[in-house]
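>>> just to be clear, the model below is a prediction. Sequence and coordinates:
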Amino acid sequence: MTRQPRIPFADPYISEEDIASVVEALRRRCLSQGEYVDRFEKEFARYVGVKHAIAVSNGTTALHTALVAINIGSNDEVIVPSFSFVSVANCVLYQNARPVFADIDLSTYNIDPNDIEEKINKKTRAIIAVHYAGQPADMDAIVEIARKHDLYVIEDAAEAHGSLYKGKKAGSLGHMACFSFYPNKNMTTGEGGIITTNDEELAEKMRMIRSHGQDRRYHHVMLGYNYRMTDFQAALGITQLRRLDSVIGRKNEVAHYYTRRIGEVFSYEVIPPYVAPYALHTYMFYTVRFRERGKRDDTANKLEVAGIETRIAFPSIHLQPLYQNLYNYTQGFLPVTEQTSDTVLSIPVLADMTRGEQDYVLEKLRESLSL
């Protein structure tokens with residue numbers, strides 16, 4: 001009897017080099033923030049092409065630290081997409097400010113610059129541009145809008161390690177950028193995050209924020225938090241960073257095969273990811289879109305039964321109970337976001353995925369559509 005394969009949605013790429021690096025840090029008793037964190041920050045900043053990188057405990061604390069650094073507070077508004085993980089909005093609430101949701105572009109699933117401009121008012125202080133699934137948002141348009149209205153631009157690059165926008169790395173395009181190293185990302189430190197910037201003043205402020213607001217030991221000049229990364233996490237990050245480009249290259253091969261086969265067989269039923277001409281997509285997710293929600297839901301269920309793990313990434317944030325209770329959002333407020341959330345499905349796109357595993361996913365996708 002043939003055993004049914006189990007294909008996970010995401011799988012951390014852990015090598016013997018990674019294990020040896022972490023073991024070395026542990027043997028040297030390098031546990032809290034120290035020399036490995038310092039080295040990781042320098043190497044990550046060099047990779048992205050910025051002056052500063054500030055390592056923190058996860059991607060959410062990276063976003064929160066960035067908002068604290070630019071003094072977001074009560075009566076302020078920050079424009080964010082609703083088609084993203086909920087932390088992008090929650091971090092605005094942490095500062096007693098209001099997240100203002102803008103709609104997305106139906107092709108890239110990234111925040112729509114035209115709707116950003118519609119949502120700006122005298123309370124607006126910043127824009128958070130999420131690079132969905134590893135494809136950068138339209139940063140030239142967003143930066144120009146921000147410049148016109150004197151706003152900060154924060155890139156949420158949690159899904160975009162190594163992504164390119166017109167030849168420039170994601171993380172080097174706004175005032176600050178926030179990355180996550182959660183295990184489902186193209187590189188990981190277990191938990192962990194980092195903020196990149198070219199602004200020296202903001203960098204120094206964020207270093208204090210992540211460590212109880214101190215500028216030196218036991219000297220606290222502002223309210224801060226315990227948002228530090230550990231040395232053994234950073235040791236893993238150093239070796240993971242070395243392999244990032246090869247992981248991206250391999251995931252692009254896997255994604256391109258999916259896209260070609262979907263174009264050949266499923267084009268009337270399933271829409272593969274669109275890649276903008278300005279972008280190098282790094283495919284943290286490979287997200288397809290169906291013509292209708294019922295077909296998406298039925299396919300997701302059938303793939304799960306077949307041992308193929310999927311995700312609906314993401315449900316609309318503004319329709320989560322928290323935000324409906326706070327701001328009375330209802331269906332129809334962001335039509336493109338809602339249409340997208342109702343019809344997308346992310347399927348496995350693993351760097352070590354075999355062609356046979358991909359063919360199995362495609363076969364079960366075809367069966368679910370009765371083609």
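Everything's here; your move. Not measured: the values here are computed from a predicted model.
>>> how about Val275, secondary structure?
Three-state secondary structure (criterion: DSSP: H, G, I helix; E, B strand; the rest coil) places Val275 in coil.
>>> setting aside sequence neighbours, what's the nearest residue to it?
Taking Cβ to Cβ, 6 or more residues apart in numbering, and ignoring the residues beside it in sequence, Val275 has His281 as its nearest neighbour in space, at 4.9 Å. Where you see a C-beta, it was placed from the backbone N, CA and C, and this is true even at glycine.
>>> contacts only, for the one you found.
Contacts were defined as Cβ atoms under 8 Å, 6 or more residues apart in numbering; by that measure His281 touches 133-135, 163, 252, 255, 273, 275.
>>> just the ones of those residues in helices?
With helices defined by DSSP state H, the entries of these inside them are 252, 255.
>>> between the contacts of His281, which is nearest Asn114?
Proximity of the contacts of His281 to Asn114 was ranked by Cβ to Cβ; the top entry is Gln135 with 18.1 Å.
>>> which residues does the closest one contact?
Contact criterion Cβ under 8 Å, 6+ apart gives 108-110, 160, 163, 273, 275-276, 279, 281-282 as the residues in contact with Gln135.
>>> out of those residues, who's the most crowded?
Ranked by the number of neighbours (other Cβ atoms under 10 Å), these place Ala160 first, at 31 neighbours.
>>> any stretches of this protein with poor pLDDT?
Low-confidence segments of the chain, defined by pLDDT under 70, are located at 1-2, 371.
>>> break it down into its domains, please.
With domains defined by automatic domain parsing, the chain comprises 16-239, 244-368.
>>> closest one to Pro5 among these?
When the domains of the chain are compared (using Cβ to Cβ), the closest one is domain 244-368, at 5.6 Å.
>>> how far off centre is the closest one?
Between the mean C-alpha location of domain 244-368 and the chain-wide mean there is a distance of 15 Å, by Cα atoms, centre = their mean, to the nearest Å.
>>> equivalent analysis for stretch 211-226, please.
Going by Cα atoms, centre = their mean, the spacing between the C-alpha centre of stretch 211-226 and its chain's C-alpha centre is 28 Å.
>>> so which bits of it are buried?
For stretch 211-226, a neighbour-count test (16 or more other Cβ atoms under 10 Å) marks 211, 213, 224-225 as buried.
>>> tell me the one of the contacts of Gln135 nearest His219?
Nearest to His219 among those is Ala160, at 36.2 Å by Cβ to Cβ.
>>> that closest one reaches Leu280, doesn't it?
No - taking contacts as Cβ atoms under 8 Å, Ala160 lies outside contact range of Leu280: 9.7 Å.
>>> tell me the buried residues in stretch 241-259?
Buried residues in stretch 241-259, counting neighbours by 16+ other Cβ under 10 Å, are found at 241-244, 247-248, 250-252, 254-255, 257-259.
>>> Serialize the contacts of His281 to CSV and add fields for distance to Arg289.
Below are those laid out as CSV (distance: Cβ to Cβ, whole Å):
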residue, distance to Arg289
Ala133, 12
Gly134, 16
Gln135, 14
Ser163, 20
Asn252, 20
Ala255, 15
Pro273, 9
Val275, 14
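>>> okay, and which of the buried residues of stretch 241-259 map to helices?
Secondary structure assignment by DSSP H places 241-244, 247-248, 250-252, 254-255, 257-259 of these in helices.
>>> could those residues go into TSV alongside distance to Ala129?
Supplementary listing: these in TSV, determined by distance: Cβ to Cβ, whole Å:
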residue	distance to Ala129
Leu241	23
Arg242	28
Arg243	27
Leu244	21
Val247	24
Ile248	20
Arg250	27
Lys251	22
Asn252	22
Val254	26
Ala255	22
Tyr257	29
Tyr258	26
Thr259	25
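>>> one step back: most tightly surrounded among the domains of the chain?
Of those, the one with the most neighbours on average (mean count of other Cβ atoms under 10 Å) is domain 16-239, at a mean of 21.
>>> quick one, what contacts the residue nearest to Ala97 when sequence neighbours are not counted?
Ranked by Cβ to Cβ, 6+ apart and with sequence neighbours excluded, the top spatial neighbour of Ala97 is Asp76, at 4.2 Å. For Asp76, the contact set (Cβ under 8 Å, 6+ apart) comprises 95, 97-98, 123-126.
>>> which of those lies closest to Tyr182?
Gln95 (22.4 Å).
>>> name all residues that make contact with the closest one.
Shown in contact with Gln95 (Cβ under 8 Å, 6+ apart): 64, 67-68, 72-74, 76.
>>> measure it to Phe285 for me?
Distance, Gln95 to Phe285, by Cβ to Cβ, to the nearest Å: 28 Å.
>>> please enumerate residues in contact with stretch 99-106?
Around stretch 99-106, the neighbours that count as contacts under Cβ under 8 Å, 6+ apart are 77-83, 88-89, 92-93, 110-112, 115-116, 118-119, 124, 132, 138, 317-318, 323, 329, 333-337, 339-340.
>>> looking at this, Ala129 is in a helix?
No - membership of Ala129 in a helix is not supported by three-state DSSP, which gives strand.
>>> that one and Ala141 touch, don't they?
No - under the contact definition of Cβ under 8 Å, Ala129 does not touch Ala141, with a separation of 9.9 Å.
>>> just so I have it, where are all the helices in the protein?
Applying DSSP H to the chain gives helices spanning 16-27, 35-48, 59-69, 87-94, 113-119, 139-149, 200-209, 231-265, 293-305, 321-327, 335-343, 355-368.
>>> show me what the fifth one packs onto, helices and strands only.
In other words, helix 113-119. With contacts taken as 3 or more Cβ pairs under 8 Å, 6 or more residues apart in numbering; DSSP states H and E, helix 113-119 sits against strand 98-102, helix 139-149.
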